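Undergrad: sharing a sequence plus its predicted fold:
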Amino acid sequence: MKLTSIVTQLLLAPLALAAAAPKVNQKITYDGYKVFRISTHHDAAIVKDLLKPLTTVAMNLKDEEHLDVAIAPQDLDAFDALNLDAEVLHEDLGSDIKAESKFGTYGGVSARAVPSLTWWNSYHAYADHITFYNDLAGAFPNNSEIFNIGTSVQGRQIFGLHIWGSGGKGSKPAVYFHGTVHAREWISAKVVEYISYQLLTQYSTDLAVMAIVDKYDFYILPFVNPDGFVYSQTNDRLWRKNRQTRSGSSCVGTDINRNWPYKWSLTGGASTNKCSETYKGQAASDTPENAALVAFTTTLKNSHGIKLYIDWHSFGQYILLPYGYDCTQVAANNAQQTTLAIGLKTRIALSYGTQFTYGPSCSTLYKTTGSSADYMTDVALTEFAWTIELRPTGSSSSGFILPPAQILPSSIEQWEGMKYLLPIM
Ligand code: 0X9
Ligand code: ZN
């Protein structure tokens with residue numbers, strides 16, 4: 001039996017309050033933090049109460065069966081004394097983060113050259129991602145360009161890559177991707193980059209890719225939360241939200257995926273606690289990132305409409321269909337969506353056997369209010385608005401810290417999935 005999401009959201013708050021808060025400009029290393037999977041025996045509330053006095057970081061939001069919690073080194077003895085039913089996931093979270101943070105070097109390529117596939121051997125610094133996109137678009141000036149939709153709290157541009165085909169720029173229904181709305185979900189940026197790269201580099205040589213690019217205009221926004229992403233690289237690898245401060249609280253950040261102006265006022269799918277990982281904001285769309293995304297989404301809706309929206313996240317390996325706000329509601333075309341999701345799941349598994357779970361978001365994962373896919377479905381009238389949670393599975397140990405060796409396979413299996421999905425939508 002699942003915990004109600006009201007309880008889930010209320011209970012996220014204490015853990016977030018106890019989470020390690022870095023001093024300004026100080027990096028949390030997570031050295032010596034041990035991560036445990038604690039069985040809740042279907043009562044996460046009791047476990048969270050016991051953990052309250054300890055310095056902890058919650059690693060999972062879907063928590064009715066188990067809590068994945070990082071425990072600070074100074075509290076490990078106190079944790080042992082609680083005698084909970086727990087297994088170790090990371091002996092030392094800090095060392096696993098270090099292994100993953102050996103960023104690749106990327107000096108850019110000369111004008112009109114294409115970045116190399118070694119890009120997907122490691123993670124990269126934010127500045128290199130920008131160079132990567134400029135290089136990629138620069139190599140295909142006849143059917144791609146970089147655009148900006150607005151600025152983040154800290155003044156970074158929220159940029160995208162627009163790809164079009166033989167019909168000319170802006171002539172077809174949109175395929176619309178968002179990546180890295182949750183800062184720590186690094187694999188989502190890499191996967192979106194791989195799809196961007198394949199669409200452009202295969203366009204002139206692979207007839208199937210040509211057909212896809214000629215059929216849609218692609219609007220790919222790999223970093224819709226750039227401040228959060230940078231902060232996850234410079235200060236706290238497990239940062240999720242944006243970097244907005246709020247009066248009356250020392251806690252920073254709003255969850256941009258609880259801030260969309262649709263079903264925002266409902267209770268139970270987001271938090272009103274400024275310290276929570278799912279803090280929804282003081283009003284719908286009161287984050288500059290969300291406001292910019294809403295304005296840009298409206299222009300797509302009003303031009304040729306949105307055929308497919310995918311919000312790329314990690315982790316858990318899910319293909320999530322509408323809706324998040326109510327577990328009894330599904331999209332009007334749910335039967336067609338389900339057929340496509342089954343096909344996508346099957347195609348993804350062909351590459352490496354990776355198993356994805358599909359279904360309506362609320363009943364499959366948990367309730368979310370003010371989330372992107374619901375807005376896309378009912379307000380922006382998108383035919384298929386999905387959230388894809390990438391590798392690893394919920395039962396794997398690595399969570400957001402996906403080893404670099406899995407970047408390329410994660411990307412390839414999703415690209416194979418897109419080549420299946422896009423021609424038949
Ligand atoms: O909680 C979220 O925002 C997403 N999961 S995550 O662990 N990456 O944070 C799920 C959002 C799903 N919502 C809808 N599809 N409506
Ligand atoms: Zn996410």
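TA: Ah, there it is. Ligands and ions are numbered 1, 2, ... in the order given.
Undergrad: residue numbers of the stretch 1-150 of the chain in contact with ligand 1?
TA: Selection of the stretch 1-150 of the chain residues close to ligand 1 by C-beta under 6 Å from any ligand atom yields L61. The C-beta positions use only the backbone N, C-alpha and C, and glycine is treated the same way.
Undergrad: where does pLDDT dip in the stretch 1-150 of the chain?
TA: Scanning the stretch 1-150 of the chain for pLDDT under 70 picks out 1-24.
Undergrad: the stretch 301-425 of the chain too?
TA: Ranges of the stretch 301-425 of the chain meeting pLDDT under 70: 396-397.
Undergrad: where along it do the strands fall?
TA: 306-316, 318-321, 357-360, 384-393 (DSSP state E, counting those that start in this stretch).
Undergrad: tabulate these in CSV, adding columns for mean neighbour count.
TA: Below are the strands of the stretch 301-425 of the chain laid out as CSV (neighbours: other C-beta atoms under 10 Å):
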stretch, mean neighbour count
strand 306-316, 23
strand 318-321, 26
strand 357-360, 19
strand 384-393, 24
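Undergrad: and the residue in the stretch 1-150 of the chain positioned nearest to ligand 2, how far is that from G228?
TA: In the stretch 1-150 of the chain, the residue that lies nearest ligand 2 is L61 (8.6 Å; C-beta to the ion). Between L61 and G228 the computed distance is 16 Å (C-beta to C-beta, to the nearest Å).
Undergrad: neighbour count: those two, which is higher?
TA: G228 (32 against 17; other C-beta atoms under 10 Å).
Undergrad: can you list the buried residues in whichever strand or helix holds the more buried one?
TA: When elements are assigned from DSSP states H and E, G228 belongs to helix 226-234. By neighbour count on 16 or more other C-beta atoms under 10 Å, the buried set for helix 226-234 is P226, D227, G228, F229, V230, Y231, S232, Q233.
Undergrad: residue contacts, the last one?
TA: With C-beta atoms under 8 Å, 6 or more residues apart in numbering as the criterion, the residues that contact Q233 are S101, A125, Y126.
Undergrad: pull the contacting residues for the second one.
TA: Think A125. Residues near A125 by C-beta under 8 Å, 6+ apart: F103, Q233.
Undergrad: next, give phi and psi for it.
TA: phi -70, psi 150 (degrees, to the nearest 10).
Undergrad: same thing with the first one?
TA: The phi and psi torsions at S101 (degrees, to the nearest 10) take the values phi -100, psi 20.
Undergrad: now do the contacts for it.
TA: Counted by C-beta under 8 Å, 6+ apart, S101 has contacts Y123, Q233, R237.
Undergrad: for the strands of the stretch 301-425 of the chain, give me CSV that also has distance to I163.
TA: Converted to CSV, the strands of the stretch 301-425 of the chain look like this (distance: least, C-beta to C-beta, whole Å):
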stretch, distance to I163
strand 306-316, 14
strand 318-321, 23
strand 357-360, 26
strand 384-393, 19
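Undergrad: looking at those strands, spot the one closest to ligand 2.
TA: Counting by C-beta to the ion, ligand 2 lies closest to strand 306-316 out of these; the figure is 3.3 Å.
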